[in-house]
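Undergrad: what's the 3D shape of this:
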Amino acid sequence: MLRDALQFLATNEEIELLTVTVQEQLEQADPSSASSENAALPFDPESNTSINVEWTEGVEEFQHTSDEELWNMLGFPQKAIPFFNDTEDSSGIHDPWTEEGKLWLQTPENGKELFVRWHQRVGLLKILINLFDGKSTFLLDEVGLGKTIQVTSNIATLTYYRDFYAYHGSFPGIFCE
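TA: Below is the predicted model of the structure:
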């Protein structure tokens, strides 16, 4: 099975071509870009040279932001993402969507605390800032660093913000202006 799976991996040439395609799409999506259809590619896909792209984390302005400040910026002084469970079953045996699973998770000695890490929360904040500014966000980190929890927490947060706005007439956190 491993040999079969390895046959489906992309080649270096396919990865380079994808990189060029993504870069072209990003340039075309940028309204300040002067690129045109006749613009040259940043490198020749037929050559064996690789493209050198300087990426940033995109959250450098928050590098000195404390946990407390981050929660307050999000508008969550209770230090929890709305609609998220407080605990999780790391073994995956108990389904939190069933009544049995809900009861199991509500028992104090069961499960472990569901903890959204600082880098995931700062990612959520940046996604929200970009959304409020009408910008897109590209999540491009390694496997297991929290893209899924950032996206699901974004959906939960937007749902919470909608309800908060309907009741208070403003958004929480730094979005209240």
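Undergrad: Figure out how far the helix or strand hosting T152 is from the centre of its chain.
TA: Here T152 is covered by helix 147-168, with elements defined by DSSP states H and E. From the chain centre to the centre of helix 147-168 is a distance of 13 Å (CA atoms, centre = their mean, to the nearest Å).
Undergrad: Please state the mean pLDDT value computed over that helix.
TA: Average pLDDT, helix 147-168: 94.
Undergrad: just checking, what packs against that helix?
TA: Judged by 3 or more CB pairs under 8 Å, 6 or more residues apart in numbering; DSSP states H and E, the packing partners of helix 147-168 are helix 118-132. Quick note: C-beta positions are derived from backbone N, CA and C, even for glycine.
Undergrad: Would you state the helices of this structure in chain order?
TA: 2-6, 12-29, 67-74, 99-106, 118-132, 147-168 (DSSP state H).
Undergrad: Any regions of this structure where pLDDT drops low?
TA: Scanning the chain for pLDDT under 70 picks out 1-8, 31-53, 55, 143-144, 177.
Undergrad: Go again with 50.
TA: 36, 38 (pLDDT under 50).
Undergrad: okay, now the domains of it?
TA: Under the assignment automatic domain parsing, the domains of the chain span 1-54, 60-81+116-175.
Undergrad: most tightly surrounded among these?
TA: Mean neighbours per residue, mean count of other CB atoms under 10 Å, is largest over the domains of the chain for domain 60-81+116-175, with a mean of 15.
Undergrad: give the contact list for the residue nearest to I81 when sequence neighbours are not counted.
TA: Counting by CB to CB, 6 or more residues apart in numbering, the nearest residue to I81 once its immediate chain neighbours are dropped is S153, at 4.7 Å. With contacts defined as CB atoms under 8 Å, 6 or more residues apart in numbering, S153 is in contact with I81, F84, V116, Q120, R121, L124.
Undergrad: Switch these over to TSV; also include distance to L17.
TA: Converted to TSV, those look like this (distance: CB to CB, whole Å):
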residue	distance to L17
I81	38
F84	39
V116	36
Q120	31
R121	35
L124	32
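Undergrad: what's the straight distance from one end of stretch 104-111 to the other?
TA: Counting by CA to CA, to the nearest Å, you get 8 Å between the two ends of stretch 104-111.
Undergrad: no, scratch that, I was asking about stretch 140-154
TA: First-to-last residue span, stretch 140-154, CA to CA: 16 Å.
Undergrad: how close does G92 get to G101?
TA: Taking CB to CB, to the nearest Å as the criterion, G92 is separated from G101 by 11 Å.
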